[in-house]
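> Take this sequence and fold it.
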Amino acid sequence: MDFSHYTDQPVDLAVALINTQQVEDDLISDSAQLEEFLDQFKGMWKGTAQAPKKEELQPIRRLRESLRAVIASDDEVSASEQVNKILESYHAVPRVSLHSGTPHFHFETTGASMCSWLGATTAMGLASVIVEHGIDRFGVCCSGDCDDVYVDTSRNRSRRHCSNTCSTREAVAAYRKRQSG
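Numbers count the residues shown, from 1 in each chain. Purely as a prediction, here's the structure:
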C-alpha cells in the first residue's frame, strides 16, 4: 500500500532537474530554459506554485546541487542529513490536499515560489525513496562520459546506467574493445 504520491512524479522531477547539469553544458542556464524545463512538469505545479521568476534561476541551480548531493551520498546517514537540510530550508510542512478529488499529502505551501515548491517537492520525493526503498536505489551513471543520476526501479536493483543510450554505448564500446584485443 502506498500512502504517498511522492514516489513517482516528484522523484522523476528531482532526477530531471539534477540532470539539467550536463558534463559540458547547463540546460537551465537562463530563465527561458528554466521555463521550458518546468513546462514539462506544469501539471504538478500549476495552481500550487507561482510561475518561475527570473531571480529564481540561481537558487534553483543551487537546489539542483543539493539534490545531487542526496543521490550521490555514500550512506543513509549522509543522504538523510542532506535531504533533511533541504526539507528544512524550504519549509516542507505536511498538509492534506484535495485538488485531485482524493485526499493526499503535500509538503509545500500553497502559492509558494517556484524555488520553494521545487525544494519541498523534490526533497520529499527523494526522502520517500530513502525511507521506502533505501539509498541503494540511487545511482550515478557508470558511463565514462556521463554523470547523470537515476533512481533504480528494477526488481533486482541491477541498474548501472541512466538510460538505455548510455548502457548500449558502454556495451558497444566493451564489445569493440574485446574484438580489437
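> ok, the worst-scoring helix or strand of the chain on mean pLDDT: who's next to it in the sheet?
One helix or strand of the chain scores below all others by mean pLDDT, DSSP states H and E: strand 104-106, with a mean of 77. In the sheet, strand 104-106 lines up against strand 95-97 (antiparallel) (DSSP bridges).
> Residues in contact with the partner strand: which ones?
103-107, 109 (C-beta atoms under 8 Å, 6 or more residues apart in numbering). Placement of C-beta: from N, CA and C, glycine included.
> What segments of the protein are strands?
Using DSSP state E, the strands of the chain run over residues 95-97, 104-106, 138-140, 149-151.
> so which of the ones you listed gets nearest Arg64?
Closest of these to Arg64 is strand 149-151, at 10.5 Å (criterion: C-beta to C-beta).
> quick revisit: can you give me the buried ones in the least confident helix or strand of the chain?
His106 (16 or more other C-beta atoms under 10 Å).
> So which of the contacts of strand 95-97 is the closest to Arg178?
So of the contacts of strand 95-97, ranked by how close each gets to Arg178 (C-beta to C-beta), first place is Phe107, at 49.0 Å.
> For the nearest residue to that closest one once chain neighbours are set aside, give me its contacts.
Distances taken as C-beta to C-beta, 6 or more residues apart in numbering place Ala92 nearest to Phe107, at 4.1 Å, with adjacent residues excluded. Contact analysis of Ala92 by C-beta under 8 Å, 6+ apart lists 107-108, 119-120, 123-124.
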